[in-house]
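Q: sequence below, structure please.
(chains A, B and C)
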Amino acid sequence: MKVLTEYLTFNTKKRREYVHITPQVEAAVAKSGVREGLAFVSAMHITAAIYVNDHESGLIADIDEWLDQLAPPRPDYRHHQTGEDNADAHLKNLILHHEVTLPITNGRLDLGPWQRVFYAEFDGQRKKRVIIKILGE
Amino acid sequence: MKVLTEYLTFNTKKRREYVHITPQVEAAVAKSGVREGLAFVSAMHITAAIYVNDHESGLIADIDEWLDQLAPPRPDYRHHQTGEDNADAHLKNLILHHEVTLPITNGRLDLGPWQRVFYAEFDGQRKKRVIIKILGE
Amino acid sequence: MKVLTEYLTFNTKKRREYVHITPQVEAAVAKSGVREGLAFVSAMHITAAIYVNDHESGLIADIDEWLDQLAPPRPDYRHHQTGEDNADAHLKNLILHHEVTLPITNGRLDLGPWQRVFYAEFDGQRKKRVIIKILGE
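A: Numbers count the residues shown, from 1 in each chain, chains lettered A, B, ... in the order given. Model prediction:
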């Protein structure tokens, strides 16, 4: 069994950003030498997410607007009594989830034709990390 | 370590459909010979989902109606400027997620009494694929 | 390859409860002897969830209220024609998801500084189970 661990670091310019990371995950798979297995990709934060969907700017803007409808920024969350102002970022993390698992076949990510991996930042402008763990043989 | 990869193909009659696939996943586990490990099941599309819940037609109709409330079909998504009309299907995929991981114990899916695996199609009437990857020993 | 399987049992006093279970998952990782791998944690029920977020009581109350907005308790779900009254618990399970996968590095859960694992009960006051499966080497 082979295992590889990689960390990516992001420091987005805007508070919210959607960063395409399929190339970085593919690079980790290649580096691991795993031919058959799984690639696990996870934000190490509770105000960011990893998701798989379309690399299309209109849809990404739709997703961003939709997340604000489902988990609106509001001053009156209880969490803000701790001094934080990012409760909506926690809820957005819960909708999209912080992690995905991806299949590896013949040494490559075995994704469908339109599946792309994204890092979704909901409370950025500071250094944040993603872990990639590759397992297989 | 043993690894097995299987692909399922669906071509639903209706645009939206919920297909029970626990038997197909169980068959892949049996074929793999894995006694202890994980079964990974993923839609290879960004307008379909894999989820685990009840095999009860009333609840499935509730889920379908509820997804339309959270991610309504609407003409004015930005994604539709590309010529597509399925932005709501992408958002439904994000709520339910495209993949699940399931435990294997003693050569069987180790699910709770009511847990059943479903393929949720949100933009069907064409050929679409699911990947199953079994890992373990 | 090493594999360890553990089951946790919960019987919450309230119908809805959020139980911090990072210590139990850490204990399973230590018991497994796995240094590099993945920890899979899943509710074995369709009215409970496993999620990763902040161990902060204000945020947990926000999450609970927010889940009621997205998936309200209502008498008129079709699922209730079966005699059940918990359709909203099924929908809350779908939002938060029943399972997480967590990375193991150097024999420990490799989580970010604020990531904590929770069992979310939406229909408790009875015995329910969680499965932990550790895989790696």
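Q: going forward, measure contacts and count neighbours with C-alpha atoms only.
A: Fine.
Q: ok, longest helix in chain A?
A: Using DSSP state H, we find that the single longest helix of chain A is helix A:57-70.
Q: angle of that one against helix C:57-70?
A: Helix A:57-70 runs at 110 degrees relative to helix C:57-70, counting by axes from the mean of the first three to the mean of the last three CA atoms, to 10 degrees.
Q: what sits up against the very next helix or strand once past helix A:57-70?
A: Note on helix A:57-70: by DSSP states H and E, the next helix or strand toward the C-terminus is helix A:87-96. For helix A:87-96, the surrounding residues in contact (CA atoms under 8 Å, 6 or more residues apart in numbering or on different chains) are A:46-51, A:67, A:71-74, A:77, A:79-80, A:122-123, B:94-95, C:51, C:53, C:59, C:63, C:95-96.
Q: go ahead and build a ChimeraX selection from the buried members of these.
A: The buried residues among the contacts of helix A:87-96 can be selected in ChimeraX (16 or more other CA atoms under 10 Å in any protein chain shown) with this line:
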select /A:46,47,48,49,50,51,67,71,73,77,79,122,123 /B:94,95 /C:51,53,59,63,95,96
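Q: what parts of chain A come near chain B?
A: For chain A, the contact set with chain B under CA under 8 Å from any CA of the partner chain comprises A:1, A:36-37, A:51-54, A:56-59, A:61-63, A:70, A:95-96, A:100-101, A:103, A:111-115, A:137.
Q: spit out the contact partners of the residue of chain A most remote from its centre.
A: Going by CA atoms, centre = their mean, the residue of chain A most distant from its centre is A:Gln81, 27.6 Å out. By CA under 8 Å, 6+ apart, the contact list for A:Gln81 reads C:Gly58.
Q: now A:Lys13
A: By CA under 8 Å, 6+ apart, the contact set of A:Lys13 is A:124-125.
Q: measure it to A:Asn93 for me?
A: From A:Lys13 across to A:Asn93, the span is 19 Å (CA to CA, to the nearest Å).
Q: still on that earlier bit, the residues of chain A next to chain B, buried ones only, as a PyMOL selection?
A: PyMOL command restricting the residues of chain A next to chain B to the buried ones, with burial defined by 16+ other CA under 10 Å:
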select buried, chain A and resi 36+37+51+52+53+54+58+59+62+63+70+95+96+100+101+103+111+112+115+137
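Q: tell me the centre residue of chain A?
A: In chain A, the residue lying closest to the centroid (CA atoms, centre = their mean) is A:Ile50, at 1.9 Å.
Q: okay, it: pLDDT?
A: On the pLDDT scale, A:Ile50 is placed at 98.
Q: and if you look at A:Glu36?
A: 98.
Q: hmm, it is touching A:Gly107, no?
A: Yes - if you go by CA atoms under 8 Å, A:Glu36 and A:Gly107 touch, sitting 6.4 Å apart.
Q: if we ignore the residues flanking it in sequence, what's nearest A:Ala28?
A: Spatial nearest neighbour of A:Ala28, chain neighbours left out: A:Glu6 (7.0 Å); criterion: CA to CA, 6 or more residues apart in numbering or on different chains.
Q: from chain B, how far out is that neighbour?
A: Here the criterion is CA to the nearest CA, to the nearest Å. By it, A:Glu6 lies 21 Å from chain B.
Q: in the host helix or strand of that residue, what's buried?
A: Assigned by DSSP H and E, A:Glu6 falls within strand A:2-10. Of the residues in strand A:2-10, A:2-6 count as buried by neighbour count, 16+ other CA under 10 Å.
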